[in-house]
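Asker: Structure here, sequence nowhere to be found:
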């Protein structure tokens, strides 16, 4: 997995190219989601479509990096009953009474299910580290706890897709300024966002170490250049499709061929 400064933030798509690729990717994603959810596919022994593995997609990234917009495009082609979006902020007083990973277990998808996490357990080694909310001994132990947590999910068959959306310092500043001046988006910008931005170098170091410590074959990171929202949104949907197809092939779960392929046409004849 490469470093953040190795990402090509100049990548761009025209609106026409974005729309073309997004339409194709969203069609394929909807097809895969139905198969994983047991709505389509070969019938099992009892005449029912089998459930596929759980699908968990997690988003981390800079403030104003476009996580919300990427999630919106990701779920756009899906039936709202077939996925869950969970957002995580600072833990509540009650959550602090439990092991720090406890709250992330509760919304996990079951067989055939899909969940999207907006912010995740990686706050342990990012904001809790940089803002000194957790003693160093504890957040450093978090790397091992995260690896073990993700290993458990993978061993249970979960398709785990992890995104970091990366934007340049200048692009983030411009987005902050636009938000500040937009009455419909100003609520998204907080004093905490400005404080985090002031400590960007510390966060860069934390992100680099986070990726190095937790990138693995069973839970790889996908670092997305996001200075262009069009590029990032397409890359996210196409990457989710790639990860689903790779993981299902490993697990032996049969997926339908892309709509309009020769395999599908042969099956209809």
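Answerer: Alright, I've got the coordinates. Quantities reported herein were computed from a predicted structural model and do not represent experimental measurements. Residues are numbered from 1 along each chain as shown.
Asker: How about the secondary structure of the residue nearest in space to the middle of the chain?
Answerer: Centroid-nearest residue in the chain: residue 58, 3.1 Å away (criterion: Cα atoms, centre = their mean). Assigned with DSSP: H, G, I helix; E, B strand; the rest coil, residue 58 falls in the strand class.
Asker: What are the neighbouring residues in contact with it?
Answerer: Neighbour list for residue 58: 116-117, 120, 122, 160-163 [criterion: Cβ atoms under 8 Å, 6 or more residues apart in numbering]. In this view, the C-beta of every residue, glycine as well, is placed from N, C-alpha and C.
Asker: Could you rerun that using 10 Å?
Answerer: 86, 88, 104, 115-122, 150, 160-164, 219 (Cβ atoms under 10 Å, 6 or more residues apart in numbering).
Asker: cool, and residue 205?
Answerer: Residue 205 neighbours (Cβ under 10 Å, 6+ apart): 129-130.
Asker: returning to that earlier point: strands - which of the contacts of residue 58 land there?
Answerer: Those of these mapping onto strands are 86, 115-118, 160-164, per DSSP state E.
Asker: Most neighbours among the residues you listed, which one is it?
Answerer: When neighbours are taken as other Cβ atoms under 10 Å, the top entry among the ones in strands among the contacts of residue 58 is residue 163 (26 neighbours).
Asker: in the sheet, who's paired with the residue nearest to the centre of the chain?
Answerer: Counting by DSSP bridges, residue 58 forms beta bridges with residue 117, residue 162.
Asker: got the buried residues for stretch 20-39?
Answerer: 21-22, 24-26, 28-37 (16 or more other Cβ atoms under 10 Å).
Asker: Tell me the one among the residues you listed nearest to residue 142.
Answerer: Nearest to residue 142 among those: residue 36, at 30.0 Å, using Cβ to Cβ.
Asker: Helices of the stretch 51-200 of the chain, residue ranges please.
Answerer: 67-75, 102-105, 127-130, 136-155, 169-180, 191-198, 200-214 (DSSP state H, counting those that start in this stretch).
Asker: for the fourth one, packing partners?
Answerer: Read it as helix 136-155. If you count contacts as 3 or more Cβ pairs under 10 Å, 6 or more residues apart in numbering; DSSP states H and E, helix 136-155 packs onto strand 55-61, helix 102-105, helix 127-130, strand 159-166, helix 200-214.
Asker: Next, the angle from it to helix 200-214.
Answerer: 50 degrees (axes from the mean of the first three to the mean of the last three Cα atoms, to 10 degrees).
Asker: Helix 136-155: which residues count as buried?
Answerer: Those would be 139, 142-143, 145-146, 149-150, 153-154, for helix 136-155 by 16+ other Cβ under 10 Å.
Asker: which one of those residues sits closest to residue 209?
Answerer: Looking across these and measuring by Cβ to Cβ, the closest to residue 209 is residue 143, at 8.3 Å.
Asker: out of everything not next to it in sequence, what's closest to that closest one?
Answerer: residue 213 (4.3 Å; Cβ to Cβ, 6 or more residues apart in numbering).
Asker: any idea how far that neighbour lies from residue 124?
Answerer: Taking Cβ to Cβ, to the nearest Å as the measure, residue 213 falls 11 Å from residue 124.
Asker: How about residue 18?
Answerer: From residue 18 over to residue 124 (counting by Cβ to Cβ), the distance is 35 Å.
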